[in-house]
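In: pasting the sequence and the predicted model now:
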Amino acid sequence: FFKGLASSGAWACFDEFNRINVEVLSVVAQQIITIQKASKAGLTRFTFEGSDIALDKANAVFITMNPGYAGRTELPDNLK
């Protein structure tokens, strides 16, 4: 999913992101951070999950959360 997002310049919105299990949240956050770092560094290609892929800087990830509601997961440190 994120390889396609980063290389195509697509946008994605994750609604109520903190309803995902904390283990999954942490992995997804790390993947998003990898893409953000490559973009901030001005790279046109980067290594993502062991694959060399193109980076289209038009890509974007938007996240919505509703903290404090029952059933919501506390955010891991790498998302704060």
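Out: Noted; the coordinates are in hand. Numbering: from 1, shown residues only.

In: please enumerate the helices of the chain.
Out: 2-8, 22-40 (DSSP state H).

In: switch these over to a markdown table; also include mean pLDDT and mean neighbour count.
Out: C-beta coordinates here come from the backbone N, C-alpha and C atoms, glycine included. Formatted as a markdown table, the helices of the chain follow (pLDDT from 0 to 100; neighbours: other CB atoms under 10 Å):
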| stretch | mean pLDDT | mean neighbour count |
| --- | --- | --- |
| helix 2-8 | 96 | 16 |
| helix 22-40 | 90 | 15 |
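
In: let's have the ones you listed in JSON lines, adding distance to Leu55.
Out: Shown next, in JSON lines, are the helices of the chain (distance: least, CB to CB, whole Å):
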{"stretch": "helix 2-8", "distance to Leu55": "6"}
{"stretch": "helix 22-40", "distance to Leu55": "5"}
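
In: ok, which of those comes nearest Ile53?
Out: helix 2-8 (4.9 Å; CB to CB).

In: residue closest to the middle of this structure?
Out: The chain has Ile32 as the residue nearest its centroid, 2.6 Å off, counting by CA atoms, centre = their mean.

In: any idea how far Ala58 is from it?
Out: 16 Å (CB to CB, to the nearest Å).

In: and if you look at Asp77?
Out: With CB to CB as the criterion, Asp77 and Ala58 are 29 Å apart.

In: likewise Val28?
Out: Val28 is 20 Å from Ala58, by CB to CB.
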